[in-house]
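Asks: Make a model of this:
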Amino acid sequence: MKLVWSPDLASKAYIDTVKYCQKRCRESSVAEIVSAMAAGWTAKLIVETWSKGGIITTSVGLAVAAHHSGGRHVCIVPDEESRKEYSETVTKTSGVQTEIIVGEPETLVAGLIGIDFLVVDCGKNDFARIFQVAKLGNRGAVLVSKNASSRAVTEFRWLSILDGESTRRIVRSVFLPVGKGLNIAHVSAVGEKSSAPAKGHSRWFKHIDRHTGEEIVIRM
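Replies: Coordinates of the predicted model:
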């Protein structure tokens, strides 16, 4: 089996995220996009890294996505101060409970089995190493590096996270110039290493923001 795209879940998560975040961000942003992708790919284990003072709307979007996909949303924070701020803000904004674990992101990510959707802040973490140690789901996974316009991603290549992995491939990757930049990769299901990506089968998600009239298009 592989990750299956659900336009209906993507649309519902997108719209709900707009509703929850409208007081914090008036225009379509990273939160709505990652929410739509996580829910649309019916992710069952959604993981993110966050630290005190970080933008919280992306986390709200992931919490909303987990609610729609029936999945588990886990946030990894470095300390108790971050945990408290995150818990109070996300719960107050979305009303959705999120599982929060405290500690070193690299170590904690490595202990989670079957990650379907992973969001890492490349501006605050050793993001490449976190992706490398992640134990991805057999159905495939979507990896997102936010704040990806920083110099930290200049030499980064998604293929580097699959070093030594003989049963997977990068199906496709894309950079979206939203927020401070999103670098996204779709990793194949186990056993698809040798198969070439099918031409003409890219998946598109399009939505018109009701508040701004802006058209958002995502291809994965």
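
Asks: give me the number of residues near Thr42?
Replies: 20 (other Cβ atoms under 10 Å). All C-beta atoms are positioned from the backbone trio N, CA, C, and that covers glycine.

Asks: Which pLDDT value belongs to it?
Replies: For Thr42, the model assigns a pLDDT of 95.

Asks: Check Ala198 too.
Replies: At Ala198, pLDDT is 43.

Asks: Trp50 too?
Replies: At Trp50, pLDDT is 92.

Asks: Hmm, it is touching Asp79, no?
Replies: No - taking contacts as Cβ atoms under 8 Å, Trp50 lies outside contact range of Asp79: 11.2 Å.

Asks: who has more neighbours, the two?
Replies: Remark: of Trp50 and Asp79, Trp50 carries more neighbours, 28 against 11, as counted by other Cβ under 10 Å.

Asks: Would you list the phi and psi of that one?
Replies: Dihedral pair for Trp50: phi -150, psi 150, per degrees, to the nearest 10.

Asks: And the strands in the protein?
Replies: 45-49, 72-77, 99-102, 113-115, 117-121, 135-136, 141-146, 170-176, 182-187, 204-208, 215-219 (DSSP state E).

Asks: list the buried ones in the third one?
Replies: Neighbour-count burial for strand 99-102, with 16 or more other Cβ atoms under 10 Å as criterion, is recorded at Ile100.

Asks: circling back: mind checking which of the strands of the chain is nearest Ala36?
Replies: Between Ala36 and those, the shortest gap by Cβ to Cβ is with strand 204-208, which sits at 5.9 Å.

Asks: follow-up on the earlier one: mind putting the strands of the chain in a markdown table, distance to Leu9 included?
Replies: Output for the strands of the chain, formatted as a markdown table (distance: least, Cβ to Cβ, whole Å):
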| stretch | distance to Leu9 |
| --- | --- |
| strand 45-49 | 13 |
| strand 72-77 | 14 |
| strand 99-102 | 20 |
| strand 113-115 | 18 |
| strand 117-121 | 13 |
| strand 135-136 | 20 |
| strand 141-146 | 14 |
| strand 170-176 | 20 |
| strand 182-187 | 17 |
| strand 204-208 | 11 |
| strand 215-219 | 14 |
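
Asks: Tell me the spacing between the spatially closest residue to Ala38 that is not a sequence neighbour and Lys19.
Replies: Excluding its sequence neighbours, the residue lying closest to Ala38 (Cβ to Cβ, 6 or more residues apart in numbering) is Ala65, at 3.6 Å. As defined by Cβ to Cβ, to the nearest Å, Ala65 lies at a distance of 14 Å from Lys19.

Asks: next one: Val90
Replies: Counting by Cβ to Cβ, the gap from Val90 to Lys19 is 15 Å.

Asks: So which of the two has more stuff around it?
Replies: Val90 (24 against 13).

Asks: Check the gap between that one and His73 for me.
Replies: If you go by Cβ to Cβ, the gap between Val90 and His73 works out to 9 Å.
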